[in-house]
Structures are given as C-alpha cells and as structure tokens.
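J.: 3D model of this:
(one chain, ligands or ions: 1)
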Amino acid sequence: MTVSEELFTRAQALMPGGVNSPVRAFGSVGGTPRFLVSAKGPHVTDADGREYVDLVCSWGPALLGHGHPAVLDAVHRAADKGLSFGASTPAEADLAQLVKDRVPAVERLRMVSTGTEATMTAVRLARGFTGRNLIVKFAGCYHGHLDSLLAAAGSGVATLALPGSAGVTAATAAETLVLPYNDLAAVEAAFADHGNSIAAVITEAAPANMGVVTPGQGFNAGLSRITAAHGALLIIDEVLTGFRVDPGGYWGLTGGAGGAEEAWTPDLLTFGKVIGGGLPAAALGGREDVMNYLAPLGPVYQAGTLSGNPLAMAAGVAQLSHATADVYRQIDSNSLALSTALSTELDRAGVDHSIQRAGNLFSVAFGTSSGGVHNYADALAQDSYRYAPFFHSMLDSGVYLPPSVFEAWFLSSAHDDAAMNRIYDALPAAAAAAAG
Ligand code: PLP
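T.: Predicted structure coming up:
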C-alpha cells in the first residue's frame with residue numbers, strides 16, 4: 001500500500017469522499033488521489049516522495065510557480081507582524097491599487113476570501129443596484145458553488161455529471177436563466193422576453209471550466225451592448241483568467257483598451273486565484289456607482305472576518321508585483337509549444353481531438369476535431385473516456401495533470417526547460433494510452 005492510499009483510506013473515514021473539494025477525489029479518472037506534501041517551483045511532491053511536474057498549479061494561483069522567494073518572504077514578514085486583525089491594513093490598498101493599475105474597469109474594489117464569495121456578492125450587488133431578480137448565466141460556466149449559479153455549472157459539476165445540485169430550491173433555480181454559451185441570439189431572445197426583470201448577465205471572461213472554450217469574436221462585446229441597452233449589468237468573472245492570461249485578464253487581452261477586439265467595459269468583474277498568491281484572497285470590482293451600493297456606503301450587505309487578511313494581501317501584492325511582461329511571455333510561449341506538441345503526439349497516435357484555447361489557457365477535447373468545442377453541449381458530447389488513460393500515463397511518467405478533462409492545464413513562469421522536457425517526454429506514451 002502506498003502512503004497516499006493509506007492517507008486516502010484515513011481521510012475517507014473522516015471527510016465525505018476523503019476530500020474538501022470534489023474534483024480532488026480523482027472520481028472521473030479513477031485511482032487514488034496523490035496526497036501532496038510539498039511544492040517548489042514547477043514541482044509538487046507526494047507523500048510517497050515522488051516528484052511531479054505540476055500542471056495544476058493549485059488550479060491557477062501559482063502563476064510564478066510554487067514557493068516563489070518574493071512571495072514567501074512577503075508572507076513571512078507579514079506573519080511576523082500578526083496573522084489577522086479584523087481591521088483595515090495598509091496592504092489592502094496596496095493590492096487594490098495594483099489591481100486598478102492593471103484593470104482600468106475597476107474603479108472600486110472589495111476584497112473577499114474566495115471566488116465564490118466574489119461572484120455571490122456580485123450577483124447580490126447587481127440585484128440590489130437594479131432592483132431586479134433574474135440572472136443570466138451560460139451552461140458550462142462555473143462561478144463557484146453559490147446556489148443561484150450551480151445550474152448547468154462546469155468544473156466539478158461537469159466532472160461528476162450532475163445536472164446541478166440537490167439543496168438548491170426551485171425558487172432559487174427559477175431566478176437563473178441558463179443559456180447556451182457563444183449564442184448571442186439566445187441572449188437577445190431572453191432579453192426580449194424578460195428584459196425588464198434581468199439584473200445581470202454573468203459569464204466567465206473566457207470559459208475554462210468545461211475545458212477551455214474561446215469566446216466567439218465579439219461575443220463579450222455583444223453581451224456588454226445588450227445588457228447596457230436593457231439597463232442590466234454585465235459581470236465578467238475573471239477568477240480564473242484574471243492576471244493569468246494577461247496583466248489585465250482576458251478582458252485586458254481582448255476587449256480592454258489596447259485589447260485585440262472592439263473595446264467594451266464590464267460593469268463588474270470578479271477575481272480570485274492569482275490575486276492571492278496562493279493564499280485565500282479574491283475580490284470584486286467595477287463601476288464606482290455600482291460598487292458604492294455595498295455597505296457601509298450602500299444598502300447591499302457584505303462582510304468577512306478574514307476579508308483583506310494581511311498574509312493573503314502580502315502574498316497577492318508580491319505576486320502581482322513580480323508578474324512582469326517576461327512572466328507572461330514565458331507562459332504564453334510554453335503554452336503554445338506544449339499544446340502544439342500535445343496535438344502532434346495525439347495525431348501521431350491517431351487520436352481525434354481539438355486543442356481548446358483562450359490566451360495562454362488551453363485544454364484538450366477528444367473526438368471533436370470536426371468543429372471543436374464552442375459550448376457545454378459540445379463539451380459533454382466529446383469522447384471524455386479517453387482522458388483517464390491519458391491522465392494516468394502522464395502521472396506514471398511524473399506529470400501531474402488536472403484530474404478531469406473539463407479543466408484547463410496551468411503553467412507557471414517556474415516551468416523551465418527541464419520541466420517542460422519532462423512533460424514532452426511523457427506525451428507519446430500518454431497519447432498511445434488515449435488511443436487504446
Ligand atoms: N469563478 C471561476 C471562473 C472559477 O474558475 C472558480 C473556481 O474554480 C470560481 C469562480 C470559484 O472560486 P473559489 O473556488 O475560490 O470559490
């Protein structure tokens with residue numbers, strides 16, 4: 001028995017499924033989850049002493065790799081001064097300023113601790129500001145585990161093949177309209193039917209929780225136009241993409257000033273993952289008039305004992321300060337090289353697939369070469385059974401991939417040539433396993 005097996009047995013007797021977040025249980029790939037004991041640079045090490053090249057990066061936060069010296073040093077220095085005060089601290093404004101400098105659509109910012117809290121607050125704020133109830137979301141987009149946005153959610157909900165979640169009341173579900181992604185005509189139709197009742201449209205800036213899906217040219221700009229025309233708000237969820245695909249997130253890369261597409265501006269944005277440098281920090285931000293509806297200035301209540309926690313703020317400030325242009329250049333170039341190598345090996349093994357991309361984020365979908373994945377129906381229709389043998393072959397070769405085909409592969413600036421070469425070396429056998 002491996003140490004991970006022993007630890008999993010013990011954990012299952014103590015915690016539902018042995019985990020504290022479902023996808024960690026390896027449910028869709030099978031086998032025993034690796035219990036990780038340390039991480040450094042591009043590597044994680046499991047309880048059996050095996051080192052893996054990490055392509056999960058804590059599901060996104062580790063933009064600079066694990067244990068970046070500047071981040072660790074900032075956290076140590078903050079810890080020496082106190083772990084939590086429950087009062088305002090200078091570092092909160094430092095991090096807010098760094099966000100505002102990178103994402104000009106953020107006029108005001110509120111720090112919270114998780115991405116779920118950020119989207120939950122954004123939804124409540126949109127309802128409070130507009131005085132309307134309905135929220136539009138897209139099938140396959142994941143925004144955290146708040147009741148109103150669990151319908152047809154991606155990520156673990158897709159991995160476990162759940163339609164939504166038990167425990168969400170019919171009344172709550174009825175206040176969420178779920179539309180197909182990349183379909184502006186469906187959005188127009190929903191607004192034609194319910195325009196005066198829709199508080200907000202929420203969308204991932206680029207979906208990465210049904211695998212990666214590229215927003216069609218002009219899709220996000222179209223959402224901005226339609227919501228503005230009907231007095232609804234547009235909430236762009238950058239929890240996953242923010243500060244990862246570009247200093248300005250996916251919005252900065254595409255629709256922000258200097259982006260690749262027609263310029264447009266979201267009303268609210270949500271952030272998480274990278275912003276906390278590996279500690280629990282997240283945020284929502286956007287238009288000043290909307291954000292000022294939050295307490296204590298406005299009538300929409302939101303609070304948090306650990307919001308703006310000094311260690312998390314210090315980690316976020318250090319990480320964003322070190323996320324230079326070179327960091328993004330390196331991740332962009334490794335992402336392109338790796339996804340190209342992956343595609344080449346799958347072609348060589350005769351495995352039908354498409355590489356799904358949005359900026360430097362990518363994932364692979366199987367059996368989809370004819371058109372790729374553009375929405376949740378496409379994502380669910382793929383040959384997802386091919387992922388488990390692929391995943392386990394990579395794991396055996398020392399590469400730790402997300403344990404679900406519906407997740408993006410995450411790189412960091414610590415992925416050097418040696419780490420990348422270990423991944424390339426593992427691909428041929430994994431492609432053959434996927435063909436099997
Ligand atoms: N929004 C998006 C786009 C996400 O990818 C996630 C998590 O993966 C969340 C929200 C929820 O964030 P958290 O897990 O920190 O609650």
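J.: contact residues of the stretch 251-400 of the chain facing the ligand?
T.: Contact residues (Cβ under 6 Å from any ligand atom) of the stretch 251-400 of the chain with the ligand: Gly272, Ala282. To be clear about C-beta, it is placed using only N, CA and C from the backbone, and glycine gets the same treatment.
J.: quick one, helices of the stretch 251-400 of the chain?
T.: 288-291, 310-322, 325-348, 376-381, 387-396 (DSSP state H, counting those that start in this stretch).
J.: turn those helices into JSON lines, columns for mean neighbour count and mean pLDDT.
T.: Shown next, in JSON lines, are the helices of the stretch 251-400 of the chain (neighbours: other Cβ atoms under 10 Å; pLDDT from 0 to 100):
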{"stretch": "helix 288-291", "mean neighbour count": "17", "mean pLDDT": "98"}
{"stretch": "helix 310-322", "mean neighbour count": "24", "mean pLDDT": "98"}
{"stretch": "helix 325-348", "mean neighbour count": "16", "mean pLDDT": "98"}
{"stretch": "helix 376-381", "mean neighbour count": "20", "mean pLDDT": "96"}
{"stretch": "helix 387-396", "mean neighbour count": "21", "mean pLDDT": "98"}
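J.: need the per-residue pLDDT for the residue of the stretch 101-250 of the chain at minimum distance from the ligand.
T.: Closest approach between the stretch 101-250 of the chain and the ligand, counting by Cβ to the nearest ligand atom: Gly115, at 2.2 Å. Gly115 is assigned 98 on the pLDDT scale.
J.: hang on, isn't it packed against Lys273?
T.: Yes: assessed by Cβ atoms under 8 Å, Gly115 is found in contact with Lys273 at 6.8 Å.
J.: identify the contacts common to the two.
T.: Residues touching both Gly115 and Lys273 (Cβ atoms under 8 Å, 6 or more residues apart in numbering): Val239, Leu240, Ala282.
J.: ok so, going back, export the helices of the stretch 251-400 of the chain to a markdown table and tack on distance to Arg357?
T.: Below are these laid out as a markdown table (distance: least, Cβ to Cβ, whole Å):
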| stretch | distance to Arg357 |
| --- | --- |
| helix 288-291 | 32 |
| helix 310-322 | 24 |
| helix 325-348 | 7 |
| helix 376-381 | 14 |
| helix 387-396 | 18 |
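J.: what about Ala418, distance to Glu51?
T.: If you measure Ala418 against Glu51 using Cβ to Cβ, to the nearest Å, the figure is 12 Å.
J.: so which of these two has more stuff around it?
T.: Between Ala418 and Glu51, counting by other Cβ atoms under 10 Å, Glu51 is the more crowded of the two (15 against 10).
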